[in-house]
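Participant: Have a look at this prediction, sequence included:
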Amino acid sequence: MQAIITTDRKCHTESISLAKAVAEQLSIKYAERCKYSVPVLMEKHEAEVVLVAHPGELRLHTAAGELFFHPNMSQLRLKNLRQGDKDHMTEAMGLTEGMSVLDCTLGFGADAIVASFGVGEKGQVTGLEVSPYIAAVTGYGLQHFVPGNYPLFAAMRRIRVVNADYLDFLRQQPTGSFDVVYFDPMFRKPLTASSSISPLRGVADHRALSLAAVAEAKRVARRRVVMKEASGSGEFERLGFDIVTGGKYSKVHYGILPADR
Ligand SMILES: C[S@@+](CC[C@H](N)C(=O)[O-])C[C@H]1O[C@@H](n2cnc3c(N)ncnc32)[C@H](O)[C@@H]1O
């Protein structure tokens, strides 16, 4: 997938420095904005992905639209948790303070933020993302986005982002090195044709979770492996997740597998 990075239209000095640093980090071309629109830059450089550096923010453009980091849904979930409500994902993970979580499918980081809040300051969340472009946007957003409250800020800043394929990463981890290993793969049947997430579909990795990855996850997990999928998905049975939890009317459910120990 051919990608370039450019700056916002105003070509702020801060944006230029950020764009050049990310270009080097990802080994992609830095293209001067020169007042061109993103579609024109795409055509000029034959790029399918254009990263755009703004002061304090990285955005990602594809032919399907624009993507950027925002903690929207995690913000609401943290608010509910702080009010004492339950969260189906943290319940499925059995999260308590001080635990370590390996989120194998970071995406835009909403689940990782909720997990990071759940494990608190003494815990640790590592988020893996195979797309270098999504990893760059989310990694930068988690470290630079300034939310309205400290618990969300702290939960975001504590997450470690790694641009890696989960199977490769899992194979390199010692046995029992994370309390929980979590997967939220792209659903086999997307829940909605929502245009707001269609740009993600263009850059995300759509491969199904493999039995080999689940076996490695069971080895690496000290306590359990959790997978999110659409309610009623055949993936739970195919991958051996016998315990499935979630709200009665919820569109998503969580499969739980005990670790190999
Ligand atoms: C449904 S999204 C995850 C959404 C995320 N849980 C959130 O809260 O924003 C799935 C993500 O996993 C990534 N992914 C898929 N296969 C992967 C793999 N083998 N290794 C690492 N990341 C992968 C995709 O690129 C995509 O960004």
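Facilitator: Structure received.

Participant: Helix, strand, or coil at the residue of the stretch 1-150 of the chain found nearest the ligand?
Facilitator: Per CB to the nearest ligand atom, G107 is where the stretch 1-150 of the chain lies closest to the ligand, at 2.7 Å. For the C-beta atoms, the positions are set from N, CA and C on the backbone; glycine is no exception. Secondary structure, DSSP: H, G, I helix; E, B strand; the rest coil: G107 is coil.

Participant: Map the structural domains onto the sequence of this protein.
Facilitator: Using automatic domain parsing, the domain parsing of the chain gives 3-55, 72-258.

Participant: Quick one: those as JSON lines, columns for distance to A64, mean pLDDT and mean neighbour count too.
Facilitator: Shown next, in JSON lines, are the domains of the chain (distance: least, CB to CB, whole Å; pLDDT from 0 to 100; neighbours: other CB atoms under 10 Å):
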{"stretch": "domain 3-55", "distance to A64": "10", "mean pLDDT": "95", "mean neighbour count": "17"}
{"stretch": "domain 72-258", "distance to A64": "4", "mean pLDDT": "94", "mean neighbour count": "18"}
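
Participant: Would you map the strands across this protein?
Facilitator: 3-7, 29-30, 49-54, 57-62, 65-68, 100-103, 124-128, 160-162, 178-183, 221-230, 243-245, 252-258 (DSSP state E).

Participant: Spell out which residues of the stretch 101-250 of the chain are next to the ligand.
Facilitator: Counting by CB under 6 Å from any ligand atom, the residues of the stretch 101-250 of the chain close to the ligand are 104-105, 107-111, 128-131, 134, 165-166, 184-186, 204-205, 207.

Participant: In helices only, show me these.
Facilitator: 110-111, 134, 166 (DSSP state H).

Participant: what does stretch 11-25 contact?
Facilitator: Contact with stretch 11-25 is made by 5-8, 28-30, 32-33, 51, 53-56, 58, 136, 140, as judged by CB atoms under 8 Å, 6 or more residues apart in numbering.

Participant: can you check stretch 93-103 too?
Facilitator: 111-112, 115-116, 118-120, 122-128, 170, 173, 177-182, 184, 220-221, 223-224, 226.

Participant: how about 6 Å then?
Facilitator: 112, 115, 118-120, 122-127, 178-182, 226 (CB atoms under 6 Å, 6 or more residues apart in numbering).

Participant: cool, stretch 156-167 as well?
Facilitator: Defining contact as CB under 6 Å, 6+ apart, one finds that stretch 156-167 is touched by 104, 112-113, 116, 125-128, 130, 132, 135, 139, 142, 213.

Participant: want to try JSON lines for those, with distance to D87 as columns?
Facilitator: Listed next are those as JSON lines, based on distance: CB to CB, whole Å:
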{"residue": "C104", "distance to D87": "19"}
{"residue": "A112", "distance to D87": "13"}
{"residue": "I113", "distance to D87": "11"}
{"residue": "S116", "distance to D87": "13"}
{"residue": "V125", "distance to D87": "14"}
{"residue": "T126", "distance to D87": "20"}
{"residue": "G127", "distance to D87": "17"}
{"residue": "L128", "distance to D87": "21"}
{"residue": "V130", "distance to D87": "26"}
{"residue": "P132", "distance to D87": "30"}
{"residue": "A135", "distance to D87": "24"}
{"residue": "G139", "distance to D87": "24"}
{"residue": "L142", "distance to D87": "19"}
{"residue": "A213", "distance to D87": "24"}
